[in-house]
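> Sharing a sequence plus its predicted fold:
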Amino acid sequence: MEFWGNMQRAVITEAPMTRIRSEADGTPELMLEKATLARDSEGRAKYARRGLGLKGGLDQTTRAMLLRQLYLSHIESRRFEVALTIALEMVDTGVMADVAHQDAARACLGLERRQEAIEHLRIASRVSPPSRRAFHLWTLGSVLYLAGQERHSLGPLSRAVRWGTNDKPLYQAQVVLAQLACGETVSNVLEVRERLADSACGRGYGQFVLGELAFCEGDFAASEDYLSAFVERTGRGRVAQQVALEGELRRARDLLGRMAEKRRLA
């Protein structure tokens, strides 16, 4: 589950009325293309600002997409307060409101304003098209789970399972994690774990969930393998993705540290 990749593809492929590619120089669309293809946050911000500063031909959809590139540049530089301001401007455009609220939530998490993030995620899940509803519900449930609100995470995670398609094994596994954290007896942990491991969503974010499931079962060798792979993979990813997954990275490193301590004391 690659948050930033999914959202970027959604913006590019679903936004109406906007041409990403333009033959004319100095158009908002061309600046958007250059911002999207920029190799670093400075380049992304430079072209996004140029596009936003052009007087003619800037419709609301193009404006929202340029704002998102500017938002990403600030997220990548960990300027969360500015990123949040821009995300709220995106919300005001009314274009792809669910993506804008998801982005606002990520900025709020960077600012450690968790309750505001949760509210943005709740709105995102309500206003999103059906194709992205499971994703937003899963994100909401994950934030609640990592915040120690496992009981509250069960509702959105269970709804994510109902709305989910290809990523359903991931959502089901996280429901099981939340149930175990709540002290519930779960009889099909191994089955859920195997289903996730065999699915495409068992890679990337799925490695974090598999590592937690293995840890809960006492399978520390597998847990260490999964969590180490997750930390390494995320560390090689884009800064924006690392920012989005900081809670998961902290949890993975904590579990790895606990397992290392167990080995030391053994």
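Done, it's in.

> burial of Cys216, as a residue count?
For Cys216, the count of nearby residues is 16 (other CB atoms under 10 Å). Heads up, the C-betas are built off the backbone N, CA and C, glycines and all.

> actually Thr185, sorry about that
Counted with other CB under 10 Å, residues neighbouring Thr185 total 7.

> ditto for Lys55
Neighbour count for Lys55, taken as other CB under 10 Å: 6.

> what do you get for Ser158?
17.

> do the same with Ser128
Using other CB under 10 Å, Ser128 has 22 neighbouring residues.

> Could you check which helix or strand contains the nearest residue to it once chain neighbours are set aside?
Spatial nearest neighbour of Ser128, excluding adjacent residues (CB to CB, 6 or more residues apart in numbering): Asp98 at 3.5 Å. Per DSSP states H and E, Asp98 falls inside helix 97-110.

> Now the element after that helix, going C-ward?
Criterion used, DSSP H and E; the element after helix 97-110 is helix 114-127.

> Can you show me the CA trace of the helix or strand just after that next one as CSV?
Helices and strands here follow DSSP H and E; after helix 114-127, the next one along the chain is helix 130-146. Extracted in CSV, the C-alpha atoms of helix 130-146 (Å, rounded to 0.1, in the frame of the first residue of the first chain):
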residue,chain,number,x,y,z
PRO,A,130,-16.4,4.3,-3.9
SER,A,131,-13.1,3.4,-5.6
ARG,A,132,-11.1,5.2,-2.8
ARG,A,133,-13.4,4.8,0.2
ALA,A,134,-11.7,1.6,1.5
PHE,A,135,-8.4,3.4,1.3
HIS,A,136,-9.6,6.3,3.4
LEU,A,137,-11.3,4.1,6.0
TRP,A,138,-8.2,2.0,6.2
THR,A,139,-6.0,5.1,6.8
LEU,A,140,-8.4,6.3,9.5
GLY,A,141,-8.4,2.9,11.2
SER,A,142,-4.6,2.7,11.0
VAL,A,143,-4.1,6.1,12.6
LEU,A,144,-6.5,5.2,15.4
TYR,A,145,-4.7,1.9,15.9
LEU,A,146,-1.3,3.4,16.1
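
> which other helices and strands contact helix 130-146?
helix 3-14, helix 97-110, helix 114-127, helix 150-163, helix 168-181, helix 246-265 (3 or more CB pairs under 8 Å, 6 or more residues apart in numbering; DSSP states H and E).

> what's the angle between the second one and helix 114-127?
Using axes from the mean of the first three to the mean of the last three CA atoms, to 10 degrees, the inter-axis angle of helix 97-110 relative to helix 114-127 is 170 degrees.

> just to revisit the earlier point, out of the helices and strands packed on helix 130-146, deepest packed?
Stretch with highest mean neighbour count among the helices and strands packed on helix 130-146: helix 97-110 (a mean of 25; mean count of other CB atoms under 10 Å).

> before we move on, back to that, may I see the helices and strands packed on helix 130-146 organised as JSON lines, with distance to Arg233 added?
Shown next, in JSON lines, are those (distance: least, CB to CB, whole Å):
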{"stretch": "helix 3-14", "distance to Arg233": "13"}
{"stretch": "helix 97-110", "distance to Arg233": "19"}
{"stretch": "helix 114-127", "distance to Arg233": "24"}
{"stretch": "helix 150-163", "distance to Arg233": "22"}
{"stretch": "helix 168-181", "distance to Arg233": "15"}
{"stretch": "helix 246-265", "distance to Arg233": "11"}
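
> out of those helices, which comes closest to Arg133?
Closest approach to Arg133 among the helices and strands packed on helix 130-146 (CB to CB): helix 150-163, 4.8 Å.

> Please state the offset of the closest one from the chain centre?
Centroid separation between helix 150-163 and its chain, computed with CA atoms, centre = their mean, to the nearest Å, is 16 Å.
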